[in-house]
Each structure stands twice: as C-alpha cells, then as structure tokens.
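1. could you look at this predicted model? Sequence included:
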There are 2 protein chains.
Amino acid sequence: MGLVLMDKTFNHILEGLKENGIYLTHQRMKIFEYLYKNRNHPTVEMIYKDLIKEMPTLSKTTVYNTMKILMEAGIVKEIPVNSNESRYDILTEEHGHFKCIKCGYIYDFNLNMESLSVEGLDNFIIYDKDVFFKGICSSCF
Amino acid sequence: MGLVLMDKTFNHILEGLKENGIYLTHQRMKIFEYLYKNRNHPTVEMIYKDLIKEMPTLSKTTVYNTMKILMEAGIVKEIPVNSNESRYDILTEEHGHFKCIKCGYIYDFNLNMESLSVEGLDNFIIYDKDVFFKGICSSCF
DNA sequence: TTACAATATTATAATAATTTCAAATATTCA
DNA sequence: TGAATATTTGAAATTATTATAATATTGTAA
C-alpha cells in the first residue's frame, strides 16, 4: 500500500495501481484522469456530474468505490475542510488548503510543515498532517 | 459578534451571551455546560445522548440550533476532522487536533501557529487556522 | 402580576450524502 | 472458450442535517 505519486507521470501511476493488483477498468481510469487533470478538490458529486457526460451508465456508487480504492492505494486523500460533503485531493507535494467563505473555492498554498512547532505529541505516530485556513480570497475581497 | 472566551469563567460567558440578546434557556445552558465541562470535541449525537438523560424532552434539533448560535456568537467552532459528522470545540487558546485512527479519540496539542511559514496567500484575509494530524496515539501504540 | 409579542423548543417530515445490497455485467486467466 | 472472480450498477437503507408547524417559554411593558 501507499504508492508514491511524487514525480510519477499519469501512466506510471496507473501502472503502479495495476502492480498493486487493482484492475484498471474504464471507470477507474476516467475517474483518476479527472482527479489528475482537475486539481479542484472535488466532491463525489462533481466527479459524477462531469463524467456522466461521456459515460452515461456511470453510477455514483462506482465513484464512491473508486475513491475508496484510490485512498487505500495512497494516491488520493480526503481533505479536512469541514463541510457536509467529502472532498478529495490527489497526493502531491505538501501544501495547505484555504477555503474562501464567499465563493467557496478551495485554494492550495505552499507551506513548510517542518517549520511548525508543536509539543505534546511525544510517542504519537503521525501519518498525516493537514493545515486548513478559512477566510476571504483575494478575488472576493 | 465574537465573544472572547479566554480568561472568562463559565458564568461570564453566559452573561456575555445574554448581553448579545441570546435567551438563556434551560436547554442552551445545559448544552453549553456540556461543552464547557467535556472538552471532547463532541458530535451533536454525543451531546444529545448525554443530555437526554436529564432532559427527556430534549430534541436533537435544539442541539443543532444551539451549536449554530454558539458558533455565531464566536464561542464554539466546528473543527475539520473529515468524517461525515460535525465535531465542535469550545474556543480556547490556539491548539491543534490529533485523531488516533485506532481508538478514534481526538487529542489537543500545543502549537505555535506563528511559526508556520506559508506563501501564496497575499491579499487573502485569514479568519481561522486549523492544524489537524492523524496517526496512532501513545496509548494505542 | 398579567398580557402580549417575540423567540425557542419540539416532533415530524423532508432533504442530502453516503453505504449497503443483490443482480447484471465485465474481466482475468487457464 | 468458459469458469472463477471482481466490478458496475441501480435501488433501497442508513445517517446527518434542515425545514415546517404547533406548542411553550421568555422578556417587556402596562
């Protein structure tokens, strides 16, 4: 588990999935392609609405299943942006998320996680770190 | 709006709510008391399950409504810990959250948000910053 | 204190996101 | 090809949250 995305191309990632015993079905490849091309932290609904145009029989359940599989493969993660629908992000370099409370858009921003000083987590194993800001973006300001 | 919790006692906060024109009903006081005493990042369900013991007619809608009002008053906030139910936290000093993937418990930890170096948010107005870690806690390890 | 107007609570119904399930379909590999 | 296995699909079930309307409570002013 846990393929590394960094510096791999689209096809390399797909190959990696295959090597991990994950069947590369048409639906899965299209869903992954959507995530790879649109770095927009989509909801299941957004992915579904877009892909149904070219795959009229696509089921929302398949999108849910695929997101789960891609998460287990370590290629995608759910990002914590407290809303009532899950939002997903393809795993790339470390970055933070900023949600604009006016337009709702979720921006990526650069950060250096190492710089953050924390205390009280001795003997805790940290698998994942997230930074989430909320406010008003420069376009809405 | 936006009462400050820091260094205020339980009763001071309640008085502050009253001054802001918020009725101090029995339900609201009990819900606030729960949040004040149990710093456990509860879900609506957790609050409801606990309080129904002493208030048999309590409605879940009231818990939802009260959380909303306390958030608008700036006393409580929703914390981003991506799951499908909202979790709330009483506003205190700045801290991060760590969720153990084994026991599910959400720990607070100290951090210095100022130390985090970020870039790409020029002309963005930041209202709120959250840091969320996931992993295995020292008890489960 | 009483009456009134404003606001809150409650139970129920409605909505929305997600999960589960079983049948139909597709894929793999011998 | 054909059997075994895995995936996709659509429908139904579940869970979290919001809306509605009746009832109850609160604060204010006579």
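-> Sure thing, it's come through.
2. give the helix, strand or coil label for residue A:50.
-> Three-state call for residue A:50 (DSSP: H, G, I helix; E, B strand; the rest coil): helix.
3. against DNA strand C, how distant is it?
-> In this structure, residue A:50 and DNA strand C are 15 Å apart, going by CB to the nearest atom of the strand, to the nearest Å. The C-beta positions use only the backbone N, C-alpha and C, and glycine is treated the same way.
4. do residue A:96 as well
-> Separation of residue A:96 from DNA strand C (CB to the nearest atom of the strand) stands at 21 Å.
5. give me the mean pLDDT for the host helix or strand of that residue.
-> Assigned by DSSP states H and E, residue A:96 belongs to strand A:95-100. The pLDDT scores in strand A:95-100 average 95.
6. output that strand as PDB, nothing but the C-alphas.
-> Only the C-alpha atoms of strand A:95-100 are listed here, as PDB (Å, rounded to 0.1, in the frame of the first residue of the first chain):
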ATOM      1  CA  HIS A  95       0.500  22.000   0.800                       C
ATOM      2  CA  GLY A  96      -2.200  23.700   2.800                       C
ATOM      3  CA  HIS A  97      -5.800  24.400   1.900                       C
ATOM      4  CA  PHE A  98      -7.600  27.700   2.100                       C
ATOM      5  CA  LYS A  99     -11.400  27.900   1.700                       C
ATOM      6  CA  CYS A 100     -13.000  31.200   0.800                       C
END
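7. in it, what counts as buried?
-> By neighbour count on 16 or more other CB atoms under 10 Å in any protein chain shown, the buried set for strand A:95-100 is A:95-100.
8. packing partners of the next helix or strand after it?
-> Using DSSP H and E, the helix or strand that follows strand A:95-100 in sequence is strand A:106-112. Other helices and strands packing on strand A:106-112, by 3 or more CB pairs under 8 Å, 6 or more residues apart in numbering or on different chains; DSSP states H and E, are strand A:95-100, strand B:117-119.
9. how about the helices in chain A?
-> Secondary structure of chain A (DSSP state H): helices at A:10-19, A:26-37, A:44-51, A:60-72.
10. can you redo the ones you listed as a markdown table with mean neighbour count, mean pLDDT and distance to chain B?
-> Output for the helices of chain A, formatted as a markdown table (neighbours: other CB atoms under 10 Å in any protein chain shown; pLDDT from 0 to 100; distance: least, CB to the nearest CB, whole Å):
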| stretch | mean neighbour count | mean pLDDT | distance to chain B |
| --- | --- | --- | --- |
| helix A:10-19 | 14 | 88 | 23 |
| helix A:26-37 | 17 | 95 | 17 |
| helix A:44-51 | 17 | 96 | 12 |
| helix A:60-72 | 17 | 96 | 11 |
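11. of the ones you listed, which approaches residue A:80 most closely?
-> helix A:60-72 (13.6 Å; CB to CB).
12. from residue A:67, how far out is residue A:77?
-> 10 Å (CB to CB, to the nearest Å).
13. which residues do these two both contact?
-> Residues touching both residue A:77 and residue A:67 comprise residue A:88, with contact defined as CB atoms under 8 Å, 6 or more residues apart in numbering or on different chains.
14. how many other residues sit next to the residue in chain A positioned nearest to DNA strand C?
-> Closest contact between chain A and DNA strand C, by CB to the nearest atom of the strand, is at residue A:86 (3.4 Å). Residue A:86 has 18 neighbours, counted by other CB atoms under 10 Å in any protein chain shown.
15. related to what we said a few turns ago, which among the helices and strands packed on strand A:106-112 is found nearest to DNA strand D?
-> strand A:95-100 (16.1 Å).
16. still on that earlier bit, and the helices of chain A: which comes nearest residue B:120?
-> With CB to CB as the yardstick, what comes closest out of these is helix A:26-37 (21.3 Å).
17. give the contact list for the closest residue to residue A:34 other than its chain neighbours.
-> Nearest residue to residue A:34 in three dimensions, chain neighbours excluded: residue A:47, at 5.5 Å (CB to CB, 6 or more residues apart in numbering or on different chains). With contact taken as CB under 8 Å, 6+ apart, residue A:47 is in contact with A:31, A:34-35, A:63.
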